[in-house]
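Visitor: What would the 3D arrangement of this be:
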Amino acid sequence: MNVAHFALWTKDIDRIAAFWAEFFGADAGEIYESRRRPGFRSRFLTLESGPSIEVMEGPWLAPHDEAIVERAGYAHLALSLGSGEAVDDMADRADRKGVLVSRARWTGDGFYEAVIRDPDGNLIEITI
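Guide: Numbering: from 1, shown residues only. Okay, here's the model as predicted:
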């Protein structure tokens, strides 16, 4: 068994696709627009390896509550970049773009990781 894809709701499908393309080299597929559910749009983002990401947009979505960082549900996504240098480089890029949450460090559970935030506020751990 493996993970085929996971999905994220977003208020701006173009902005989230641009973020994933810039930081992770994701290839954005064509936008699907539902005829049965007006306003629903989605597209798949394909990474070099691993599951795809389906980003979905709808005008009914509530905005992300920046004040509530921890809540029930998915906490974060972790992506392996292959080396500590790659983690440091991406963390530096994220810092310059204002999306770095925490600098690279060795965690107590044995991961060398930094944390960044996508435009919708979702946390992404980048690790070796």
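Visitor: Could you count how many residues lie near Ile53?
Guide: Using other Cβ atoms under 10 Å, Ile53 is surrounded by 21 other residues. For glycine as for every other residue, the C-beta is placed from the backbone atoms N, C-alpha and C.
Visitor: Thought Val3 was touching it, still the case?
Guide: No: at 10.5 Å, Ile53 does not count as touching Val3 under the criterion of Cβ atoms under 8 Å.
Visitor: so when I look at Met105, I'm seeing a strand, right?
Guide: In this structure residue 105 is Arg, not Met. Yes: the assignment for Arg105 by DSSP: H, G, I helix; E, B strand; the rest coil puts it in a strand.
Visitor: who touches it in this structure?
Guide: Neighbouring residues of Arg105 by Cβ atoms under 8 Å, 6 or more residues apart in numbering: Tyr112, Glu113, Ala114.
Visitor: got a winner among the residues you listed for most neighbours?
Guide: Glu113 (24 neighbours).
Visitor: That one bridge partners, please.
Guide: Partner residues in beta bridges with Glu113, using DSSP bridges, are Arg105, Thr127.
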